[in-house]
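K.L.:
sequence unknown, structure follows:
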């Protein structure tokens, strides 16, 4: 994680969940993350089976130039990109395994590097995870340099976050030369920081 705010959200989630696979949504205290609320979102599967945004912070909505509440999670991605991030998000929920996605937010004039943190949440004790708690933040600069709004997101790579609060798994990215849904693993780069 390159943005310290992303790390702060992840650490908060790690502390909430304790020994469990995921915390309860009622345990998330917005006041504890008050300064990061504009960059946070919650998504859940709606009545039609669509993974949709339940809440999206103001900076995220500004990035797309519209309110995202009720919008499908995959609709913020460029059309060719939509299946893979949706598959990752659904697996974060299903397997209760957090993930980090490196992506680019783009419009006709510019491209800006972002990172998206996807964390599983449970609606009730005794249930498995059924929603995402996420963050979308620029990878380096505190504020985006891209002229707003962007047209969509383009995935660069992703990784499940494994172990405790300080271990990355192996980054995975779409191999555009292989059949749809194909994955290619890349060894972690030397400069990848947590």
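P.N.:
Ah, there it is. Here the structure is a predicted model, which is why all the values come from computation and not from measurement.
K.L.:
Check the offset of stretch 148-165 from the chain's centre.
P.N.:
6 Å (CA atoms, centre = their mean, to the nearest Å).
K.L.:
Okay, buried residues for that stretch please.
P.N.:
Judged by neighbour count using 16 or more other CB atoms under 10 Å, the buried positions of stretch 148-165 are 150, 152-161. In short, each C-beta sits where N, CA and C put it, glycine included.
K.L.:
Among these, which lie within strands?
P.N.:
Among these, DSSP state E puts 152-160 in strands.
K.L.:
Kindly reformat those as CSV containing distance to residue 104 and pLDDT.
P.N.:
Shown next, in CSV, are these (distance: CB to CB, whole Å; pLDDT from 0 to 100):
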residue, distance to residue 104, pLDDT
152, 9, 96
153, 7, 97
154, 5, 97
155, 8, 97
156, 6, 96
157, 11, 96
158, 13, 96
159, 17, 96
160, 21, 95
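K.L.:
Just the closest of those to residue 36, please.
P.N.:
residue 153 (19.3 Å; CB to CB).
K.L.:
contacting residues for the closest one?
P.N.:
76-78, 81, 85, 103-106, 114, 116 (CB atoms under 8 Å, 6 or more residues apart in numbering).
K.L.:
What separation is there between it and residue 25?
P.N.:
To residue 25, residue 153 is 24 Å away according to CB to CB, to the nearest Å.
K.L.:
got it, and residue 92?
P.N.:
Where residue 25 is concerned, residue 92 sits at a distance of 14 Å (CB to CB).
K.L.:
more crowded one of those two?
P.N.:
residue 92 (27 against 17; other CB atoms under 10 Å).
K.L.:
how far off strand 152-160 does the host helix or strand of the more buried one point, in degrees?
P.N.:
Using DSSP states H and E, residue 92 maps to helix 83-95. Angle between the axes of helix 83-95 and strand 152-160 is 40 degrees (criterion: axes from the mean of the first three to the mean of the last three CA atoms, to 10 degrees).
K.L.:
and helix 83-95, what's its mean pLDDT?
P.N.:
Average pLDDT, helix 83-95: 97.
K.L.:
Packing partners of that helix?
P.N.:
Counting contacts by 3 or more CB pairs under 8 Å, 6 or more residues apart in numbering; DSSP states H and E, helix 83-95 packs against strand 51-56, strand 99-106, strand 111-121, strand 131-138, strand 152-160.
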